[in-house]
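Peer 1: Following is a predicted model, sequence given first.
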6 protein chains.
Amino acid sequence: MDLTPYRLTAEPYYHPTGHEIALYEHAYAHRLPLVLKGPTGCGKTRFVEYMAWRLGKPLITLACNEDMTAADLVGRYLLDAEGTRWHDGPLTTAVRHGAICYLDEVVEARQDTTVVIHPLTDSRRILPLDKKGEIVAAHPDFQLVVSYNPGYQSHSKSLKQSTRQRFAALEFDYPAAEAEADIVAHEAGIDRALAMRLVDIAHQSRRLRERGLDEGISTRMLIYAGVLIRDGLPPVDSCRMAMTAPITDDPDMQRALGAILESAF
Amino acid sequence: MDLTPYRLTAEPYYHPTGHEIALYEHAYAHRLPLVLKGPTGCGKTRFVEYMAWRLGKPLITLACNEDMTAADLVGRYLLDAEGTRWHDGPLTTAVRHGAICYLDEVVEARQDTTVVIHPLTDSRRILPLDKKGEIVAAHPDFQLVVSYNPGYQSHSKSLKQSTRQRFAALEFDYPAAEAEADIVAHEAGIDRALAMRLVDIAHQSRRLRERGLDEGISTRMLIYAGVLIRDGLPPVDSCRMAMTAPITDDPDMQRALGAILESAF
Amino acid sequence: MDLTPYRLTAEPYYHPTGHEIALYEHAYAHRLPLVLKGPTGCGKTRFVEYMAWRLGKPLITLACNEDMTAADLVGRYLLDAEGTRWHDGPLTTAVRHGAICYLDEVVEARQDTTVVIHPLTDSRRILPLDKKGEIVAAHPDFQLVVSYNPGYQSHSKSLKQSTRQRFAALEFDYPAAEAEADIVAHEAGIDRALAMRLVDIAHQSRRLRERGLDEGISTRMLIYAGVLIRDGLPPVDSCRMAMTAPITDDPDMQRALGAILESAF
Amino acid sequence: MDLTPYRLTAEPYYHPTGHEIALYEHAYAHRLPLVLKGPTGCGKTRFVEYMAWRLGKPLITLACNEDMTAADLVGRYLLDAEGTRWHDGPLTTAVRHGAICYLDEVVEARQDTTVVIHPLTDSRRILPLDKKGEIVAAHPDFQLVVSYNPGYQSHSKSLKQSTRQRFAALEFDYPAAEAEADIVAHEAGIDRALAMRLVDIAHQSRRLRERGLDEGISTRMLIYAGVLIRDGLPPVDSCRMAMTAPITDDPDMQRALGAILESAF
Amino acid sequence: MDLTPYRLTAEPYYHPTGHEIALYEHAYAHRLPLVLKGPTGCGKTRFVEYMAWRLGKPLITLACNEDMTAADLVGRYLLDAEGTRWHDGPLTTAVRHGAICYLDEVVEARQDTTVVIHPLTDSRRILPLDKKGEIVAAHPDFQLVVSYNPGYQSHSKSLKQSTRQRFAALEFDYPAAEAEADIVAHEAGIDRALAMRLVDIAHQSRRLRERGLDEGISTRMLIYAGVLIRDGLPPVDSCRMAMTAPITDDPDMQRALGAILESAF
Amino acid sequence: MDLTPYRLTAEPYYHPTGHEIALYEHAYAHRLPLVLKGPTGCGKTRFVEYMAWRLGKPLITLACNEDMTAADLVGRYLLDAEGTRWHDGPLTTAVRHGAICYLDEVVEARQDTTVVIHPLTDSRRILPLDKKGEIVAAHPDFQLVVSYNPGYQSHSKSLKQSTRQRFAALEFDYPAAEAEADIVAHEAGIDRALAMRLVDIAHQSRRLRERGLDEGISTRMLIYAGVLIRDGLPPVDSCRMAMTAPITDDPDMQRALGAILESAF
């Protein structure tokens, strides 16, 4: 199995917000399973990509969802001309050949998916392929990383204690204003003053969460808006299209966000 | 893979209602994922067709529904004489060969369908085919466009924040009266005065939404009625058959709509 | 594909109740999708059969139900000696070869079934076979007709606005007394006076709907009763067996219907 | 297809309780679809067997249940050495080759099962095999008979009006005391006085229905008890084992039934 | 088909608690379907084994559950090198070749499973294999026995009247104290005085049912405790491990049971 | 079948907290089925591994979940070049060849999974493979061990009495403070004073359960924290990352745990 497609070929842009790089390195040194907690679009996926690149390890990313089965992770028998043949799933590939396996939004997964990772996350570090009758011992380079957003997970969708207690955790939030402006300026290719103005709008939107907005404007949306402004679109149009129009369908919230935009430009 | 069947062979009739054509072109220039928000029958699908024709790109349209699986988008193994063989789904075809992929009524889709598009809608622009062990990098021409009607989506069916924040948004509404009359006159082949009378009926029906009508009469229905009148059917019969009879089963609303028709002709 | 089995070989008996034949012909002339609304057993299916015979078009009828899948309409891959092979479903057959396709009780169908018909019911008139990667352009003779009973559909089972607005509508009800008696006399082979008495019983039963009867006695049941009477069974026995016994399990309603019968003969 | 296994080889014992034999014969003469309504164990199944024997027609009986699919009735493609091949289901066999098809407890069936019978129960008398693309015209001998117990069907499980109105109905109840005693004496091989005593117990139990017993003791249970008494088991033991112990788990009802037994012997 | 594996090779130990052996023999003489009612662990399964041994008949036991399908009982087509081939299920094997078939905890089964047994439990004694188009007439030795625990079945899980009325019933309870002590002494290999003390604890636990314990300590648990005591483990430790620790998770009940243990030794 | 992969190759570290080793040995001597009850991360899995090593038996561990089917335990037919062939599942492997089979978190399993083990857990000690028509008599070395956490199982997920009463039980809790410190010092490679401080934090967190924390910090988390401290990470950072951040998303609990950490170092 060639893991080359899973190796990052260029350094992903990542702007640290604390000493999370050192903490990850400590966890990886002992191959501690890691959970990344934080809101949508704050950079969790990018951070894992950056760490995989920094550590020189291949990265296999899986977006969890409620229709994903254990077999989608572990593998299954498929029928070909010689009968049924076993195909490793992406988790098995990571375990067997030594990749970092990143399960994004793990709380969305069904229970059989989360139970599958239990023997990988204690001192055994094994993945039993029950259907195949094989026990795969994890490659020394293998590490499991999962993420979720603690802000809007429902009660029916939260990690079971028996899963939680198998992980060390890193907590993420949106970067501080100065850092976020650096990121937006760099990624959108705009000047820092404009980036700072966009960040200021985002901060105002995040305060609307107390008044009923599901979630504030994320760093990713600021970058989209910055790109459109750099491209010549008027700032208000750019911000409406990339930031306020997508974020909510609520007319009151739309009005509140519109007022923020108008006072900003 | 030949995308010819997905290329529009004639310019679709489209009457702009604002500067949405320019906004789309800006978004396409950066391949920003785009969500079109607006009521039923206001022209979202026609707009995407027009833009695909204008940009000279093939268009793959998929009507989302709650029984659609991720495999219906991404592809699956099918059994043929030589065993199982992979068949790309329509989304994979668009990603691999460079089409605009339009997911109509995306809120109807199951979560596994929406999660599939996440890595396509951030800086990665990749589509992992987990079951095949392949990561498809998006063709430079590929763009993802989705639509939904914010007016009557239920709480259980709305876009997750982690999906929303990946899109720029264009908001649609029914065209202004003058523009709508132009459209109806052109598409139904009737004179503008008659078209204006039909539009006026539609406006009255849309005001009934405050009194319990699910949704007002759409532009498409006006065109149906116009075609029947041009064909010689009496105007009231035409409007009843094409506009008021289909739109509701509620006897009170039927009576209110009947009164509008009678005062109109 | 030979559509001969779907051609009607004899003129179906149909007694018009208004100018519905002309309205249908206008709709067919423009291939407008048509929805027939009306109570059980009032003649919607017979009307479509009559129109198909009158227009000389083959008719493919499908009774919708909540277990019907999109694949049941559109087609699927089946395995045979040479591997999997595509089999057109009945809707695809109608679209490709030019039949009228009639979806009876369309509100019973699952959403994926109704979404399938969307691109067939706007200006595109296409049926995308997503699993096969083919877009079937509708044959010029193809028309889509659907029906439902607005009287007892539940809230969870009603047509979505985005579906409704794609159809012109014809509203049906039981025929007027004189016409209904003509139909019963003709179909059951009884004299008109007896038929009128049966129709009178039906009218009385339909008034019971205000007192809790789900639905009144239909024309079809009158014909059954007439056939049994013609055959020598006493009128009260015939009416009980064909009309009042099947229509309800409620003891109070049974008693009320029994009283109507006794006073009638 | 050889229907011999579905032909009754001996006359089933049946004791008429009214003129139901003549009514059935009238209905069969016109092949009217028939619904038999009545409580558990009152003889509906036996009656259909008797009529099939009397009319000299094969009988295909299917016990409906909520896990039965339309394919279980109609047929399906099965894979054999030459690929997939169509296998007629039992309903299709009856329709094609001319049997009486009896769907026992039809209200237990899922909707797709009941919808399948619609085109068989109006003037069309056809069974469309949508998956096979064949329309089977019913054999002249084919008749559809269904049954249900109106006493304890729940609201979620009742026949839809659009199904009900396709049937003529025969109503059954437990036989009158004299007739029931004849049946029990004949079937259990006991003298008529003992049979009358058993019938008397059944009557008392059926009155308990007003006090909460789900259903009274059926004719079938009386026969079981009679057989055990004839075999030498004490009457109270026989009645407890065959009649009162199986019928309820409720301690109060058990006590009430025990008291009835003790006073009877 | 060789039923040898289903024949009991040694006499199972069974201690009668009444004249249930004679009652069973009477029922078997007429092949009456039999339902055994009684609490968990009171010896229903052992009784059926004993009767099968005594009557010299093979016994096929099936533990019912809500995921068991009709096909699990009746059989199905399986694919082998020559295509699909029918495999009899365990019920079909019993019916065809003459075994006693015992469905343990029948109320756990889905409806399609219970409906399957209807034609086996009236005078027809047939098993229709709908999918195979075969009607299997029951072997003369075949008898159907089912069991359930009336104490804790929920309302959603109880036998339908149409099923109940097809069975004769035997009611079981825990054996009387003297008999239960004999059984425990015999099976655990301990002296009768110790057995009596264990039985006394069980009786006290069964009285706790009125105070919220789901079910009392069963005979089987007494035997486990006896075996551990005979093996040298202290009586309190043995009773806690085999009797009180497994039976409940409720802290109050655990304390009450602990007090009973301490006062007993 | 070679069970070598299921044999433990090194003695697992296990620190007894009472005489549970002797109790297990008594149970194993009689092959009594055993249930281990206790909170998450208190060492149940490790204990079974230790006992398997001590007794020299292979161990097959299965993490139960609600999507696990009986076939996942027992086995199924798989298609290969010669047609379908039976593959023993992991439970069948253990039963046939003599392993200890450990079902972790058995309350998560579906009912069909738990019913499967019934005939293995009474005097029969057999595993019927219904689909294969085989009855596997348990190997003399086979023992069944299951576990669950009585603390947070919901009412819908608890062991049925008919299952409970088949097991002897061992109750586990977190080790006493002294023992737990020994374990943490040994496993994390830290000095005993530091281990004692970590244990003290855990004790404080477990008291928070009365104030709403789902579960206290487990021994496993203390070991993770100890490893990070040994590695040079500051104690507060280590404890936050390995102990308090993963355990809860509740801001109040996070604050309470933060205060505990700050006062500890």
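Peer 2: That came in fine, so what should we check first?
Peer 1: Next one, pLDDT for residue A:15 please.
Peer 2: Predicted confidence (pLDDT) for residue A:15: 88.
Peer 1: My understanding was that it contacts residue A:178; is that so?
Peer 2: No. With contacts counted by CB atoms under 8 Å, residue A:15 stays clear of residue A:178, the gap being 10.2 Å. C-beta: built from backbone N, CA, C; applies to glycine.
Peer 1: buried set for the strand or helix carrying residue A:263?
Peer 2: Using DSSP states H and E, residue A:263 maps to helix A:251-264. Under the neighbour-count criterion of 16 or more other CB atoms under 10 Å in any protein chain shown, helix A:251-264 has A:253, A:254, A:256, A:257, A:260, A:261 buried.
Peer 1: Alpha carbons of that helix, as CSV, please.
Peer 2: This file holds the C-alpha atoms of helix A:251-264, laid out as CSV (Å, rounded to 0.1, in the frame of the first residue of the first chain):
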residue,chain,number,x,y,z
PRO,A,251,-34.6,38.1,9.0
ASP,A,252,-33.9,39.8,12.3
MET,A,253,-30.3,38.5,12.4
GLN,A,254,-29.9,39.5,8.7
ARG,A,255,-30.9,43.0,9.6
ALA,A,256,-28.5,43.1,12.6
LEU,A,257,-25.7,41.9,10.4
GLY,A,258,-26.6,44.4,7.7
ALA,A,259,-26.4,47.2,10.2
ILE,A,260,-22.9,46.0,11.2
LEU,A,261,-21.8,46.0,7.6
GLU,A,262,-23.1,49.5,6.8
SER,A,263,-21.4,51.0,9.8
ALA,A,264,-18.1,49.3,8.9
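Peer 1: hmm, it touching chain B?
Peer 2: No. Using CB under 8 Å from any CB of the partner chain, we find that helix A:251-264 stays clear of chain B, coming within 9.1 Å at best.
Peer 1: neighbouring contacts of that helix?
Peer 2: A:197, A:200-201, A:204-205, A:208, A:211-213, A:235-236, A:239-240, A:243-245, A:247-248 (CB atoms under 8 Å, 6 or more residues apart in numbering or on different chains).
Peer 1: Can you give me the domain boundaries for chain A?
Peer 2: A:4-171, A:177-264 (automatic domain parsing).
Peer 1: mean pLDDT for those domains: which is lowest?
Peer 2: Of all the domains of chain A, domain A:4-171 has the smallest average pLDDT, which comes to a mean of 87.
Peer 1: could you flag which of the contacts of helix A:251-264 are buried?
Peer 2: A:197, A:201, A:204-205, A:208, A:213, A:235, A:239-240, A:243-245, A:247-248.
Peer 1: Using TSV, lay out the residues you listed together with secondary structure and distance to residue B:141.
Peer 2: Formatted as TSV, the buried ones among the contacts of helix A:251-264 follow (DSSP: H, G, I helix; E, B strand; the rest coil; distance: CB to CB, whole Å):
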residue	secondary structure	distance to residue B:141
A:197	helix	33
A:201	helix	32
A:204	helix	37
A:205	helix	33
A:208	helix	37
A:213	coil	35
A:235	helix	28
A:239	helix	27
A:240	helix	26
A:243	helix	26
A:244	helix	29
A:245	helix	25
A:247	helix	28
A:248	coil	31
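Peer 1: overlap between those and the residues near chain B?
Peer 2: Okay, of these touching chain B (CB under 8 Å from any CB), that's A:245, A:247.
Peer 1: of all of the stretch 151-265 of chain A, which residue lies closest to chain C?
Peer 2: residue A:249 (16.5 Å; CB to the nearest CB).
Peer 1: quick one, which of residue A:15 and residue A:178 is more surrounded?
Peer 2: Relative neighbour count places residue A:15 above the other of residue A:15 and residue A:178, with 16 against 10, counting by other CB atoms under 10 Å in any protein chain shown.
Peer 1: and that one, which of the three is it?
Peer 2: Under the three-state scheme (DSSP: H, G, I helix; E, B strand; the rest coil), residue A:15 adopts coil.
Peer 1: Identify the residue nearest the spatially most central residue of chain A in space, chain neighbours excluded?
Peer 2: Nearest to the geometric centre of chain A sits residue A:45, at 3.3 Å (CA atoms, centre = their mean). Distance criterion CB to CB, 6 or more residues apart in numbering or on different chains; nearest residue to residue A:45, sequence neighbours excluded, is residue A:104 at 6.3 Å.
Peer 1: how deep is the one you found tucked in, by neighbour count?
Peer 2: For residue A:104, the neighbour count with other CB under 10 Å is 22.
Peer 1: again, but for residue A:37
Peer 2: Residues near residue A:37, counting by other CB under 10 Å: 21.
Peer 1: is it true that residue A:181 touches residue A:191?
Peer 2: No. Checked against CB under 8 Å, the pair residue A:181 and residue A:191 is beyond contact range at 10.2 Å.
Peer 1: what about those two, which has more around it?
Peer 2: Between residue A:181 and residue A:191, counted using other CB under 10 Å, residue A:181 has the larger neighbour count: 22 against 11.
Peer 1: coming back round to it: between the buried residues of helix A:251-264, which is nearest chain D?
Peer 2: Using CB to the nearest CB, residue A:253 is the member of these that lies nearest chain D, at 40.0 Å.
Peer 1: Let's verify residue A:169: helix, strand, or coil?
Peer 2: Classified using three-state DSSP, residue A:169 is strand.
Peer 1: That one is in contact with residue F:239, isn't it?
Peer 2: No. In this structure, residue A:169 is not within contact of residue F:239 by CB under 8 Å, at 11.4 Å.
Peer 1: which ones are touching the closest residue to residue A:30 other than its chain neighbours?
Peer 2: Distance criterion CB to CB, 6+ apart; nearest residue to residue A:30, sequence neighbours excluded, is residue F:227 at 5.4 Å. Taking CB under 8 Å, 6+ apart, we find residue F:227 in contact with A:30, A:32, F:188, F:189, F:242.
Peer 1: Assign a three-state SS to the second one, would you?
Peer 2: Taking three-state DSSP as the rule, one finds residue A:32 in the coil state.
Peer 1: Run a quick neighbour tally on it.
Peer 2: Count around residue A:32 with other CB under 10 Å applied: 21.
Peer 1: cool, the last one as well?
Peer 2: Here the number of neighbours of residue F:242 (other CB under 10 Å) works out to 29.
Peer 1: What number of residues are in the vicinity of whichever residue of the stretch 101-250 of chain A sits closest to chain D?
Peer 2: Residue nearest to chain D within the stretch 101-250 of chain A: residue A:131 (22.5 Å; CB to the nearest CB). By the criterion of other CB under 10 Å, residue A:131 has 21 neighbours.
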